[in-house]
Each structure stands twice: as C-alpha cells, then as structure tokens.
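Chemist: sequence below, structure please.
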Amino acid sequence: MKAVILAGGLGTRLAEETSVRPKPMVEIGGKPMLWHIMNIYATHGIKEFIIALGYKGEFIKEYFLNFYAINNDISIDLQTGTTTVHAGKQPDWKVHLVDTGLHTMTGGRLQRLKEWIGQDETFLMTYGDGVGDIDVTALVNFHHQHGRLATLTAVMPPSRFGGLILQGDQVDQFTEKPVTGEGYINGGFFVLNRQVLDLLDGDQTIWEREPLERLAAQQQLMAFRHNGFWHPMDSLRDKQILNQMWEADKAPWKVWS
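Modeler: The predicted structure is shown next:
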C-alpha cells in the first residue's frame with residue numbers, strides 16, 4: 001500500500017523557517033518532519049511513498065537524491081575525484097517525488113497523483129506537518145472493516161496554553177500542555193479508496209471542503225479515533241515543543257527502533 005504525503009504548501013504560519021525551506025523539511029531533532037512521518041508509516045510496513053511537491057520542492061528532491069551519500073560513510077580520492085559510498089543500514093523505502101504545482105490546493109495535488117496511485121484500490125494520505133503515535137495497522141484494519149470510501153484519523157488537539165484547575169483561589173492542578181477537550185478534529189492520516197479521486201475537480205479543489213463534505217453527507221466518511229499523542233507543527237512554538245520532546249528522549253511519535 002502506498003502513502004501520499006502532501007508537502008507542497010507555503011507554510012506561511014511558520015515563516016521563520018519556511019522562507020528558506022518547505023515546511024516538511026523543517027527539522028525536529030536534526031531530521032526533517034517528513035522523515036519522522038515516513039518512519040511512522042514504515043513501522044507498520046508502509047514503505048512506498050508519493051510525495052506531492054510544490055513550494056521549494058527542489059529542496060526535498062535534493063534531500064532524497066543525497067540521502068544515501070549523506071547517511072553513509074564516504075571515501076573521496078581528491079586526485080581523481082572518485083567517490084565511494086560505503087553501504088550501511090538504510091531504510092528500504094521507495095520514494096516518488098512528484099511536482100504538483102506551486103499554487104495547487106490540497107485536493108488538486110491529490111488529483112495530480114492519480115496516475116502515480118495507479119490501480120491500487122486503497123491508499124493512505126496525510127499532511128507533511130503533523131506527527132503522532134498513530135496505530136496505522138489498526139487504522140487500515142478499521143477502514144477495511146467498515147467498507148466505506150474514506151477514513152480520517154480523529155484526534156484531540158493540544159492546547160495552545162497551559163491549563164489550571166482551581167479550587168477557589170488555589171491552583172489544584174497545573175498542566176503545561178493539556179489536550180483541549182473541545183472535541184475531535186481532523187488529524188490527517190487518511191485511508192482512502194481510489195473512488196474518492198472522482199470527487200476532485202482541478203487544481204483549486206480543497207480536499208477539506210467539498211470532497212470531505214460530500215463524503216460525510218453520503219455517509220462514506222468514517223473516523224478512526226486516536227486518543228494517543230498527536231501534534232501539528234503550525235508555528236515556531238510547535239517546532240520548539242516537538243524538539244524539546246525529541247531532545248528529552250520523550251517523543252511519543254517515535255514508534256520505530
């Protein structure tokens with residue numbers, strides 16, 4: 001099964017970083033966000049990826065073109081220019097890097113990947129800016145069991161502010177980053193039947209608008225409740241929070257060994 005990762009947006013809410021690189025290439029613990037997301041999938045046996053490129057897509061191409069050399073030892077003969085890359089342990093992933101346009105919307109990017117998805121009946125899709133300890137195997141099984149066209153992963157968003165529980169004027173409980181308790185939101189990590197591609201109508205189609213609204217109205221959209229960790233990277237503060245977790249060796253989304 002293939003996994004589509006949308007990686008072409010402008011990332012304007014993280015402009016401090018995305019002025020020089022696309023958002024999925026912003027680093028957490030010295031590795032791009034994209035690498036983290038791919039590892040989440042790979043842990044569950046998903047090892048073929050279709051990356052939808054757009055804004056600064058060449059940055060992502062350069063990363064994967066140099067991946068093998070950068071992540072292995074190298075010998076260079078300076079007299080002849082001969083370079084030898086010494087093979088090490090690297091992921092057995094297949095990565096397709098597909099230009100889907102600079103200003104194409106999310107649904108339009110997915111539509112442009114139709115030929116790359118091929119005749120696969122079912123495929124996965126997510127955004128290039130969120131991580132979680134998602135049980136992808138259980139997610140896929142859930143999708144196959146209900147038999148509808150689409151499954152999204154429903155998550156509880158983290159609060160942007162610390163929380164206090166008061167007893168009178170006394171702070172009874174202090175929580176730095178609680179979940180909001182405001183209800184589930186779309187956390188990405190979709191499982192989709194290829195028939196959903198018929199709902200897309202050109203580059204300006206926004207996946208989260210009419211296509212998902214139509215699927216819901218037709219009772220073809222199901223929610224896989226994920227009550228574990230999930231966190232987006234929408235701002236510099238989000239990046240700092242995720243980096244702090246990684247550096248403290250307390251990154252819940254690191255489900256790989």
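Chemist: so where's the protein uncertain?
Modeler: 160-166, 169-182 (pLDDT under 70).
Chemist: quick one, helices of it?
Modeler: For the chain, helices defined by DSSP state H occupy the ranges 15-18, 33-42, 57-65, 67-70, 106-112, 114-117, 136-146, 210-217, 236-247.
Chemist: ok, which of those comes nearest Asp92?
Modeler: Closest of these to Asp92 is helix 33-42, at 8.6 Å (criterion: Cβ to Cβ). The C-beta positions use only the backbone N, C-alpha and C, and glycine is treated the same way.
Chemist: and the angle for the closest one with helix 57-65?
Modeler: If you take axes from the mean of the first three to the mean of the last three Cα atoms, to 10 degrees, helix 33-42 sits at 50 degrees to helix 57-65.
Chemist: ok, residues contacting helix 33-42?
Modeler: Residues from elsewhere that reach helix 33-42 (Cβ atoms under 8 Å, 6 or more residues apart in numbering): 3, 5, 7, 23-28, 47, 49, 51, 60, 91, 93, 124, 126, 128-134, 136, 233, 253-256.
Chemist: restricted to strands, list those residues.
Modeler: 3, 5, 7, 27-28, 49, 51, 124, 126, 130-132 (DSSP state E).
Chemist: between the residues you listed, which has the most around it?
Modeler: The most crowded member of the ones in strands among the contacts of helix 33-42, judged by other Cβ atoms under 10 Å, is Ala7 (31 neighbours).
Chemist: picking up where we left off before, now render the helices of the chain as a markdown table, adding distance to Gly202 and mean neighbour count.
Modeler: Putting these into a markdown table (distance: least, Cβ to Cβ, whole Å; neighbours: other Cβ atoms under 10 Å) gives the following:
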| stretch | distance to Gly202 | mean neighbour count |
| --- | --- | --- |
| helix 15-18 | 25 | 14 |
| helix 33-42 | 26 | 22 |
| helix 57-65 | 20 | 16 |
| helix 67-70 | 33 | 12 |
| helix 106-112 | 6 | 23 |
| helix 114-117 | 12 | 13 |
| helix 136-146 | 27 | 15 |
| helix 210-217 | 12 | 16 |
| helix 236-247 | 31 | 16 |
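Chemist: of those helices, which approaches Asn186 most closely?
Modeler: Minimum separation from Asn186 across the helices of the chain (Cβ to Cβ) falls at helix 210-217, 7.9 Å.
Chemist: elements contacting the closest one?
Modeler: Contacting helix 210-217 under the criterion 3 or more Cβ pairs under 8 Å, 6 or more residues apart in numbering; DSSP states H and E are the following elements: strand 150-155.
Chemist: now with 10 Å, please.
Modeler: Under the contact criterion of 3 or more Cβ pairs under 10 Å, 6 or more residues apart in numbering; DSSP states H and E, the helices and strands touching helix 210-217 comprise helix 106-112, strand 150-155, strand 190-193, strand 221-226.
Chemist: can you give me the neighbour number for Val98?
Modeler: A count of neighbours around Val98, defined by other Cβ under 10 Å, yields 18.
Chemist: what's the spacing between it and Glu115?
Modeler: Using Cβ to Cβ, to the nearest Å, one gets 9 Å for the distance from Val98 to Glu115.
Chemist: quick revisit: just name the closest of the ones in strands among the contacts of helix 33-42 to Gln167, please.
Modeler: For the ones in strands among the contacts of helix 33-42, the nearest to Gln167 is Gly132 (32.9 Å; Cβ to Cβ).
Chemist: quick check: beta-bridge partners of that closest one?
Modeler: Gly132 has the following beta-bridge partners by DSSP bridges: Trp230.
Chemist: might one say that it is in contact with Phe189?
Modeler: Yes - taking Cβ atoms under 10 Å as the definition, Gly132 is a contact partner of Phe189 at 7.3 Å.
Chemist: who touches both of those two?
Modeler: Among the neighbours of Gly132, those also in contact with Phe189 (Cβ atoms under 10 Å, 6 or more residues apart in numbering) are 37, 40, 126, 153, 155, 226, 230.
Chemist: what residues does stretch 221-228 touch?
Modeler: Outside stretch 221-228, the residues touching it (Cβ under 10 Å, 6+ apart) are 132-136, 138-143, 145-156, 179, 184, 186-187, 189-191, 196, 211-216, 252-253, 255.
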